[in-house]
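In: After the sequence you'll find the predicted model.
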Amino acid sequence: MNCRLADATATRAFGQALACVLGQTPHGLVISLVGELGAGKTELVRATIQALGHEGPVASPSYTLIEPYELSRRTARHMDLYRLGDPEELEYLGIRDIEADDLLFIEWAERGTGYLPSIDIEFTLTYEQTARRLGAKTNTTRGAAVLERLAPSRHRPG
């Protein structure tokens, strides 16, 4: 998957579409978000979590490292590991307490290597002048199934 997000509104729309698919997914998923500071990672997570039914604010976990959001059927957790000093700190944050049906959104996942669960989908946001380019790759069959449902038109013949 590779698409252009013209502005913050387009990023939020993509997050809403992702939430629609995730809301129909019976199992948990681990999603990594890659990109420079300000590329739109938190905005994408915020839009997704709010579209999944969270009515309050969705803050950046830059200083808390992890923020949980109770949804109707599961918990969504947003992690920002930019300020993580050592991957072992994830043990103290309760990384092993995450349930299999939780949704886990991780910014700067490479800083938690060796302690994080397997990543199902990796979204990469890059600057493209005033817009953003969103790329996606999957690492699991669960992640591939979500991307397939997220962009079904790209697989139609003709």
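Out: On my side now, so go ahead.
In: what pairs with the nearest residue to G135 once chain neighbours are set aside across the strands?
Out: Excluding the flanking residues, the one nearest G135 by C-beta to C-beta, 6 or more residues apart in numbering is T124, at 4.5 Å. Every C-beta, even on glycine, is put in place using the N, C-alpha and C of the backbone. Beta-bridge partners recorded for T124 (DSSP bridges): V34, G135.
In: Could you check the pLDDT of T124?
Out: The per-residue pLDDT reported for T124 equals 95.
In: ok, now G28?
Out: What the model reports as pLDDT for G28 is 89.
In: in stretch 74-87, what's buried?
Out: R74, A76, R77, H78, M79, D80, L81, L84, P87 (16 or more other C-beta atoms under 10 Å).
In: Start and end of it, how far apart?
Out: Chord length of stretch 74-87, first to last residue, is 25 Å (C-alpha to C-alpha, to the nearest Å).
In: Which elements pack onto the least confident helix or strand in the chain by mean pLDDT?
Out: Using mean pLDDT, DSSP states H and E, helix 89-92 stands out as the lowest-scoring helix or strand of the chain, at a mean of 84. Using 3 or more C-beta pairs under 8 Å, 6 or more residues apart in numbering; DSSP states H and E, no helix or strand is in contact with helix 89-92.
In: Touching it from outside, list them.
Out: L65, L84, G112, Y115, L116 (C-beta atoms under 8 Å, 6 or more residues apart in numbering).
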